[in-house]
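**Student:** pasted the sequence and its predicted model underneath.
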Amino acid sequence: MTLLTIVISLTLIFDIINGFHDAANSIATVVSTKVLTPFQAVMWAAFFNFIAFLVFGLHVANTIAKGIVHSDIVTLQVVMSGVIGAIIWNLVTWWFGIPSSSSHTLMGGFVGAAIAHAGFDSVFYSGILKITAFIILAPVIGMFVSMVISLILLNVCKNFSYQGVNKTFRRLQLVSAAAYSIGHGANDAQKAMGIIFVALIAAGKLTANDSIPFWVVIACHIAMAIGTLMGGWRIVKTMGTRITHLRPFEGFSAETAGALTLYSTSILGIPVSTTHTITGAIIGAGATKRISAVRWGVTTNIIIAWIITIPITSLLAALVFYLSSLIF
């Protein structure tokens, strides 16, 4: 097995892990409100994750491939080390039920391995700053949009019966969950595409001016869908019940706000964290009831995990690179 084959396989494994690690992003609200059973929810999310490539271009994949690390210093060993570092941290956070960002694990790993290989001049700091800025901006935007949608719906529905509103939004949540899953697939699957594209360039199979091959697009979306089908129930519990209690109309508000945020950033080519986005949206939906409806202790622990993800995965990837240098 060639090193390129190993790197592509590891990246697809990361994509599968990303799917079940971040399945909670797509299904937590619809499961916690009991609109769908867990099995129905993952089937629903996996389908719409997969078809996302029909809706959006590959702007995010191109940012990952060309906007973070100078392509002329990238080797297959760098890519492999970055992906392994990302996989390790994703599995650790999944085990403890922490909804960290798979996007930032991948970026941190890629950057850490590149620096270990070629020094601090090997990365585009403007690209890194844009992505890290959205550690704050993505959840804030998601929270703000979710609060606006929730407040509008509260005023529109105030004269209707609780049972009628509940029934209506149980149906509408199917639409909002589908919309969010498309946004999740559009943003997250493209990150693995970008990494495989970089690996193909490093192996001399493509140039930076080539387009991402269609087989890479399909393979990454299939891997993401398979991962989503696997669930990731530890994080579903955190996202769906520990942050705040959601009713169907609040679940609809959170999913719709998350979808709008992801659509916007995907079009702009910004690889944001889907985890950060939906967490902010859930907090926004819960806060419209009352501030105390949000469990801020749980939320604080999640934010700490967000902050340490990039530095930890960078260090893990750098360590993997140094260890792999003894072999390759």
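**Tutor:** Yep, that arrived.

**Student:** and the gap between His221 and Ala138?
**Tutor:** 22 Å (CB to CB, to the nearest Å). For glycine as for every other residue, the C-beta is placed from the backbone atoms N, C-alpha and C.

**Student:** more neighbours, those two?
**Tutor:** Counted by other CB atoms under 10 Å, His221 and Ala138 do not tie: Ala138 has more neighbours, with 29 against 24.

**Student:** His276 is in contact with the more buried one, correct?
**Tutor:** Yes: between Ala138 and His276 there is a contact under CB atoms under 8 Å: 4.3 Å.

**Student:** okay, and the helix or strand of this protein with the least pLDDT?
**Tutor:** Among the helices and strands of the chain, helix 233-237 carries the lowest confidence by mean pLDDT, DSSP states H and E, at a mean of 54.

**Student:** after that helix, which helix or strand is next?
**Tutor:** Downstream of helix 233-237, the next assigned helix or strand under DSSP states H and E is helix 248-268.

**Student:** can you spell out which helices and strands pack onto that following helix?
**Tutor:** Judged by 3 or more CB pairs under 8 Å, 6 or more residues apart in numbering; DSSP states H and E, helix 248-268 is in contact with helix 23-32, helix 59-66, helix 125-156, helix 162-202, helix 274-287.

**Student:** I'd like to know how many residues surround Gly269.
**Tutor:** Neighbour count for Gly269, taken as other CB under 10 Å: 17.

**Student:** got it, and Met107?
**Tutor:** Met107: 31 neighbours (other CB under 10 Å).

**Student:** kindly report the same for Ser71.
**Tutor:** Ser71: 14 surrounding residues under other CB under 10 Å.

**Student:** quick one: contacts for it?
**Tutor:** Ala65, Val198, Ile201, Ala202, Ala208 (CB atoms under 8 Å, 6 or more residues apart in numbering).

**Student:** so which of the residues you listed is the most crowded?
**Tutor:** Neighbour tally across the contacts of Ser71 (other CB under 10 Å): the maximum, 28 neighbours, falls on Val198.
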